[in-house]
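In: all I have is the shape, not the residue letters:
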Ligand SMILES: [Ca+2]
Ligand SMILES: [Ca+2]
Ligand SMILES: [Ca+2]
């Protein structure tokens, strides 16, 4: 339905002069995938590999049409053909999932076996219940999906981001920890009611890879789309296991840990949370990485813009960095907003959001440029640091790509070992994945590249469709 609208509507050709002073880039090309949504690059492991720089690419794709078949794709050693992206031919991993979201690989440490793909899917109507599923055998003849996330009769949940693998009960087996969302759509104008929670699925004593319906345990209520497992310092210099929990609907950003000295999460009375921020933004994504190049990890966080007239103001989608305090349980997280002013084009903004996911284009010790998906604003951006000074948090936001529809989850790595970073940008409305290469500009040079794209006028679509597309 949305696709038909897109193609029927007139496009406006728009040439964007793109200008960066400390990063050089080129679009290598693109390859066709219907409705590409999430992209994930994973370092290949477990099989004879030609070099250290071997990455597999995973893609999810879904359609808003009620009877559509959705797909999970993989590209083995995507670096081999990266200079001719048009020759990239994804391999079908599965078409049994309704609304597949993030696709990733399960670390070899989980099952002592490489090549296990994990798929998270959405529950949203008109599709079926969401799930967390394991598929063994990648690359090659993959097996059937094993759904570890509970019984079909239970409450329907949607899973967006890949699990964090942590041994939560101390039995030596890594368990799957995820945020999940459940909500019920009502006839407009009644807004959907939402419930989010951080949950872990307990790896069974044996045959975890063949066993469906792992026992589930809820840690806290709130997180909906994602959580990130981290080990952070406390007073005295020790480290503790914790989970960073952005909340989109809850409009707060928290961290959760257990007071158990061995980081065992089975006693609910020992679980604690602290609020990192709650400035009414919609917290959407978090990564642990050294953003400013001072050698210490920071939190790279995206908050999403969405019109909320009921509150009398329009929240401002942002990219921001939090510096981690000495003791994460009690310290203050210093915030630096490095990009803001994102908005969804058009008059129909309900249920849409911008920006989307961010990834560091990290090559060496320099302060890295950030690649950012604009999501519903139909662009991809570069956030280019103004200087290499770690104390300078100013960035220039520069458009990299103008698309005809939603820009999906971006991914980047040096996938062919040439020292430059390659990035994949799914263009949902174009049925293709764009491929870019980034390099440091030569000293003193001012690199410039002109890219042309088209911007489509997306006519108003129903709130439900907007919700589905954004959160599928
Ligand atoms: Ca365990
Ligand atoms: Ca840092
Ligand atoms: Ca490269």
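Out: Happy to help now that I have it. Please read all numbers here as calculations on a predicted model, not as lab measurements. Ligands and ions are numbered 1, 2, ... in the order given.
In: how about low-confidence regions in the stretch 251-400 of the chain?
Out: 306-315, 347-351, 365 (pLDDT under 70).
In: within range of ligand 2, give me the residues from it.
Out: By Cβ under 5 Å from the ion, the part of the stretch 251-400 of the chain that sits against ligand 2 consists of 290, 292, 294, 296, 298. From N, CA and C alone the C-beta is placed, and that goes for glycine too.
In: list only buried entries from those.
Out: Among these, those classed as buried by 16 or more other Cβ atoms under 10 Å are 290, 292, 298.
In: wait, the second one touches residue 393, no?
Out: Yep, that's residue 292 we're talking about. Yes: applying Cβ atoms under 8 Å, one finds residue 292 in contact with residue 393, separated by 7.0 Å.
In: which residues are common contacts for the two?
Out: residue 321 (Cβ atoms under 8 Å, 6 or more residues apart in numbering).
In: out of everything not next to it in sequence, what's closest to residue 352?
Out: residue 376 (3.9 Å; Cβ to Cβ, 6 or more residues apart in numbering).
In: for residue 76, give me its contacts.
Out: 44, 56, 91, 139.
In: apply 6 Å and report the result again.
Out: Shown in contact with residue 76 (Cβ atoms under 6 Å, 6 or more residues apart in numbering): 56, 139.
In: I figured residue 215 hits residue 203, correct?
Out: No: between residue 215 and residue 203 there is no contact under Cβ atoms under 6 Å: 9.4 Å.
In: those two: who's more crowded?
Out: residue 203 (24 against 13; other Cβ atoms under 10 Å).
In: which of the residues of the stretch 251-400 of the chain next to ligand 2 sits closest to residue 272?
Out: For those, the closest approach to residue 272 (Cβ to Cβ) belongs to residue 298, at 22.5 Å.
In: okay but that closest one is in contact with residue 291, surely?
Out: Yes: here residue 298 lies in contact with residue 291, judged by Cβ under 6 Å, at a distance of 4.7 Å.
In: mind listing which of the residues of the stretch 251-400 of the chain next to ligand 2 are in strands?
Out: residue 298 (DSSP state E).
In: what distance do you get for residue 232 to residue 255?
Out: 8 Å (Cβ to Cβ, to the nearest Å).
In: got it, and residue 334?
Out: For residue 334, the distance to residue 255 - Cβ to Cβ - is 15 Å.
In: among residue 232 and residue 255, which residue is more densely surrounded?
Out: Taking neighbours as other Cβ under 10 Å, residue 232 and residue 255 compare with residue 255 leading, 23 against 20.
In: list the neighbouring strands of the helix or strand encompassing that one plus their orientation.
Out: Using DSSP states H and E, residue 255 falls within strand 252-258. Paired neighbours of strand 252-258 in the sheet (DSSP bridges): strand 239-247 (antiparallel), strand 271-277 (antiparallel).
In: same list, these, but as a markdown table with distance to residue 406 please.
Out: Converted to a markdown table, the strands paired with strand 252-258 look like this (distance: least, Cβ to Cβ, whole Å):
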| stretch | distance to residue 406 |
| --- | --- |
| strand 239-247 | 20 |
| strand 271-277 | 27 |
